[in-house]
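1. here are the coordinates; sequence isn't available:
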């Protein structure tokens, strides 16, 4: 039997990383998670999003220069801003100001208002991201870590593999040599690849790895931090059937609340040293 070391090594590394005792960086992340500026509603989702373990896995420290891709309403921004405020730098790569989408404009304006309402966000630099040419998420070769949470399916639906590759190119350009790309995404079971999965909100882990590697990233490790074995990824309204969206309203609500939020891949890539 021939062992595929390319796939085994990341899993071994993941296991080793998770066995290391809590570090100073992990303690700082915990303090940011516990920061009083965070909203109570967002705190209730910590048990599904596991922010301390996730950011620690990606190697984020208080002195990191981090790009958060498509921060939406700012769930992770609430943690990253206090964490990086003194010694690091956070770039929030939001929707382009020129977007013609009403949803994008509303979300962007709400995010700007959030940033202006609290001094804790005073060091956040707002930049732009789109899975298209002509944007700069951060100065080239400046970022230690680029983070994207539950976004891959959106880019794929916008422009299939071409849009995905463009997005990964933006990340690669912004990262320093040796910098980390952290990806969390709703995970499609590999046995459903031949189904009509594109509009489900889920994405194949194998395809995410393939596309990142085509751009030049190296897969360093995978983790099951954000996994949910109760999630079958096969629902009437896709991933939005589950909480927090609960698109079916009261229909089978207790069942979906019992399942919890989606099963998620957690992938750590690195831009090679040059």
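-> That came in fine, so what should we check first? Note that this is a predicted model, so its numbers are computed, not measured. Numbers count the residues shown, from 1 in each chain.
2. Could I get the buried residue list for the lengthiest helix in the chain?
-> For the chain, the helix with the greatest residue count under DSSP state H is helix 152-174. Residues 152-153, 155-156, 163-168, 170-174 are the ones in helix 152-174 that count as buried (16 or more other C-beta atoms under 10 Å). (Each C-beta comes from the backbone N, C-alpha and C, glycine too.)
3. same deal with stretch 207-219?
-> Under the neighbour-count criterion of 16+ other C-beta under 10 Å, stretch 207-219 has 207, 208, 209, 211, 212, 215, 217, 219 buried.
4. As a markdown table, those residues with distance to residue 179, secondary structure and pLDDT would be great.
-> Listed next are the buried residues of stretch 207-219 as a markdown table, based on distance: C-beta to C-beta, whole Å; DSSP: H, G, I helix; E, B strand; the rest coil; pLDDT from 0 to 100:
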| residue | distance to residue 179 | secondary structure | pLDDT |
| --- | --- | --- | --- |
| 207 | 23 | helix | 97 |
| 208 | 18 | helix | 98 |
| 209 | 18 | helix | 98 |
| 211 | 18 | helix | 98 |
| 212 | 13 | helix | 98 |
| 215 | 13 | helix | 98 |
| 217 | 10 | coil | 98 |
| 219 | 14 | strand | 98 |
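5. Now do stretch 248-259, average pLDDT.
-> The pLDDT scores in stretch 248-259 average 97.
6. got the buried residues for that stretch?
-> 248, 256, 259.
7. Surely the second one is in contact with residue 245?
-> I take that to be residue 256. No: if you go by C-beta atoms under 8 Å, residue 256 and residue 245 don't touch, sitting 9.4 Å apart.
8. Counting neighbours, what do you get for residue 266?
-> Residues near residue 266, counting by other C-beta atoms under 10 Å, number 24.
9. tell me the phi and psi of it?
-> Dihedral pair for residue 266: phi -130, psi 110, per degrees, to the nearest 10.
10. What score does the nearest residue to it once chain neighbours are set aside have for pLDDT?
-> Leaving aside its sequence neighbours, residue 266 sits nearest to residue 223 (C-beta to C-beta, 6 or more residues apart in numbering; 4.3 Å). pLDDT, residue 223: 98.
11. The one 10 residues further on too?
-> Per-residue confidence at residue 233 stands at 96 (pLDDT).
12. contacting residues around it?
-> By C-beta atoms under 8 Å, 6 or more residues apart in numbering, the contact list for residue 233 reads 186, 187, 188, 189, 192, 200, 202, 239, 262, 263.
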